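In: coordinates only, sequence not included:
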């Protein structure tokens, strides 16, 4: 991502923070990932309440006389109401008592610029419940909170609808940091989930039996020291009509991004513009662990490097594991592998129909670039990929128009920059069939005479911009990450400080 530096006055930055809530996404809302965002959330046409560690639950909940507990607000708020929570640590479990409604979302938000921690140390959280538990409630938003040390989930929505969980930080949860179960119209955006799954269950972010969802621009990483952890981000069971994009997943022991039908029918899921790296297992994996149908899955514009395998099509864990209509197009899988084994794309499953593998770069992966049992090859449509490096002596495969043993000429792979240098053989050598209309950076494809191979379209001009990360420091050594504020670059002729 190209950046420049510029001077920003305090008043401009404050204005951006105050405007952030108006740009924050909600079901059906703005989708611009570079819109200004922060902890401020615009209130709906309801009441606004305040909570502070210096308050009292016998107060009226005003900014001058705030409540003491978040649960007091949860019990009082009705459709359209907002509570702003002042800085400090709250040792309590929060369970809403009312739903919002269409255009009347109930909002729980950190007060702008302040760090709010809900700490579950010593707090009883029942099995399958969350420290912040939205289960059974609809039209609720939770924004900008730190949720740590939970005996089960961090933030959970079950049997819920129209829920947005955004810009939160979770750490040290026995099960998922954030999860959705048996729900619909769910957004999980801009969160940082660290050290989840200190027990043996679920994933850092779990989306199960959920219809119409977006999991976007989250950062998922690391395990609590002394624990194994689990997968990073999982879409599973009977989930459908979902998008998983813009996420960063790294430093985990199990699969980074996992799409698994289990015993159900999982369908219509897009996975794109994600980066997965430094995973001791597979970066991306598709599965049907208990025989459910995995159907209409599309992976594109993703980057996976320094994992065991870039993408794995699994045959775990029963005799039946059907896949149908899977498209893997314009991804970059590079420098994956451990201890003499690994690969770019690995196919174990032989129970698949209509799998397309097109316009992918598989480069310098240990042991193999693209490998599959020969019996499944008739079900694969393979073309216009670029492979470079070790080849499985038995199972390596290629397709029509593939470039074999040709370096893609990355800009700087040692620093994780997998853009293409000018003159790369991947430029203009991809297929237009089914190719995404934009690349990893959101730039239009094609640029030039043809589509490029891999996640990036070379030569496309990037709109100049300035990215200012918003970081709210907690009282501990752990910080809360939020997506960057984006400012327009100076007009030509405006003064810029020298680099």
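Out: Perfect, I can see it now. What you see is a predicted model, and the numbers here were worked out from it, not measured in a lab.

In: which SS state does the residue lying farthest from the centre of the chain fall under?
Out: The C-alpha centroid of the chain is most remote from residue 58, which lies 40.3 Å away (Cα atoms, centre = their mean). Of the three states, residue 58 takes coil under DSSP: H, G, I helix; E, B strand; the rest coil.

In: now do residue 433
Out: Quick answer, by three-state DSSP: residue 433 is coil.

In: roughly how far does the closest residue to residue 246 other than its chain neighbours sit from residue 277?
Out: Spatially, and ignoring its direct neighbours in sequence, residue 246 is nearest to residue 217 (4.2 Å; Cβ to Cβ, 6 or more residues apart in numbering). Where C-beta positions appear, they are placed from N, C-alpha and C, glycine not excepted. Distance from residue 217 to residue 277, counting by Cβ to Cβ, to the nearest Å: 17 Å.

In: contact partners of the stretch of helix or strand residue 298 belongs to?
Out: Element membership for residue 298, per DSSP states H and E: strand 294-300. By Cβ atoms under 8 Å, 6 or more residues apart in numbering, the surrounding residues in contact with strand 294-300 are 259-261, 265-272, 284, 286-288, 311, 322-331, 436.

In: out of the residues you listed, list just those in strands.
Out: Among these, the members found in strands (DSSP state E) are 259-260, 266-272, 284, 286-287, 311, 323-329.

In: show the buried residues in the contacts of strand 294-300.
Out: Listed as buried from those are 259-261, 266-272, 284, 286-288, 311, 322-331, 436; burial here means 16 or more other Cβ atoms under 10 Å.

In: domains in this structure, by residue range?
Out: According to automatic domain parsing, the chain comprises the domains 1-230, 233-460.

In: mean pLDDT lowest where, among these?
Out: Note on the domains of the chain: lowest mean pLDDT is at domain 1-230, with a mean of 86.

In: the closest residue to residue 449 other than its chain neighbours: how many residues sit nearby?
Out: Leaving aside its chain neighbours, residue 449 sits nearest to residue 428 (5.1 Å; criterion: Cβ to Cβ, 6+ apart). By other Cβ atoms under 10 Å, 17 other residues sit near residue 428.

In: same thing with residue 121?
Out: 11.

In: picking that back up, wait, isn't the residue nearest to residue 246 in contact with residue 192?
Out: No - assessed by Cβ atoms under 8 Å, residue 217 is found out of contact with residue 192, at 10.3 Å.

In: tell me the bridge partners for residue 240.
Out: residue 211, residue 267 (DSSP bridges).

In: you'd agree it is up against residue 270?
Out: No - in this structure residue 240 lies outside contact range of residue 270 using Cβ under 8 Å: 11.5 Å.

In: distance of residue 163 from residue 137?
Out: Per Cβ to Cβ, residue 163 is found 8 Å from residue 137.

In: try residue 71
Out: 14 Å.

In: the two: who's more crowded?
Out: Per other Cβ under 10 Å, whichever of residue 71 and residue 137 has more neighbours is residue 137, with 22 against 18.

In: residues in contact with the more buried one?
Out: Per Cβ under 8 Å, 6+ apart, neighbours of residue 137: 96, 98, 99, 160, 163.

In: who wins for most neighbours among these?
Out: residue 163 (29 neighbours).

In: and that residue, that's in a strand?
Out: Yes - applying three-state DSSP, one finds residue 163 inside a strand.

In: that one against residue 143, yeah?
Out: No - between residue 163 and residue 143 there is no contact under Cβ under 8 Å: 11.6 Å.

In: OK, contacts around the closest residue to residue 57 other than its chain neighbours?
Out: Excluding its sequence neighbours, the residue lying closest to residue 57 (Cβ to Cβ, 6+ apart) is residue 72, at 4.4 Å. Shown in contact with residue 72 (Cβ under 8 Å, 6+ apart): 51, 57, 61.

In: any idea how far residue 115 is from residue 72?
Out: Using Cβ to Cβ, we find residue 72 at a distance of 20 Å from residue 115.

In: count the residues that sit near residue 175.
Out: 27.

In: who's in contact with it?
Out: Counted by Cβ under 8 Å, 6+ apart, residue 175 has contacts 152, 153, 196, 197, 199, 201, 202.

In: residue contacts, residue 450?
Out: With Cβ under 8 Å, 6+ apart, residue 450 has these contacts: 428, 429, 430, 432.

In: for the last one, which non-adjacent residue is closest in space?
Out: For residue 432, the nearest residue in space outside its immediate sequence neighbours is residue 451; the separation is 5.4 Å by Cβ to Cβ, 6+ apart.

In: got the contact list for the one you found?
Out: 330, 359, 428, 430, 431, 432, 435, 445, 457.

In: and with 10 Å instead?
Out: Going by Cβ atoms under 10 Å, 6 or more residues apart in numbering, residue 451 touches 329-330, 358-359, 384, 426-433, 435-436, 439, 445, 457.
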